[in-house]
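>>> My questions are about this predicted structure, shown below with the sequence.
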Amino acid sequence: MTVVLRPNESQDSLLKRFRKKVAKSGILSTVRRKRWFVSKSELRRIQRKKAIRRLKRRQRKIAASRGEA
């Protein structure tokens, strides 16, 4: 991943552009995810857990918008 210094561009703005490019590409999230081996069964369990949390959060949001406690 490269960024070229533009004319009259400061080092800070160059670094900011580079960080944005890295974040947008998703490289860091991929590296973090692949840092340790996770078996398929463990991955399914984690995804199921995330889905349950998402559903609960969505239900709370709907209940709050209706004015329920």
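That came through fine.
>>> okay, CA-based contacts and neighbour counts for the rest of this
OK.
>>> ok, and what's touching the helix or strand bottoming out on mean pLDDT in the chain?
Least confident element among the helices and strands of the chain, by mean pLDDT, DSSP states H and E: helix 27-33 (a mean of 91). Helix 27-33 has contacts (Cα atoms under 8 Å, 6 or more residues apart in numbering) with residue 22.
>>> Return, as residue ranges, the portions of this structure with sub-threshold pLDDT.
68-69 (pLDDT under 70).
>>> now with 80?
Scanning the chain with the threshold set as pLDDT under 80 gives 67-69.
>>> Centre of the chain to whichever helix or strand comes after the least confident helix or strand of the chain, how far?
Tracing the chain past helix 27-33, the next element assigned as helix or strand by DSSP states H and E is helix 40-66. Using Cα atoms, centre = their mean, to the nearest Å, the mean C-alpha position of helix 40-66 is found 17 Å from that of the whole chain.
>>> quick one: buried residues of helix 40-66?
By 16 or more other Cα atoms under 10 Å, helix 40-66 has no buried positions at all.
>>> so what secondary structure elements neighbour it?
For helix 40-66, there is no helix or strand it packs on, judged by 3 or more Cα pairs under 8 Å, 6 or more residues apart in numbering; DSSP states H and E.
>>> can you list the domains in the chain?
1-36, 37-69 (automatic domain parsing).
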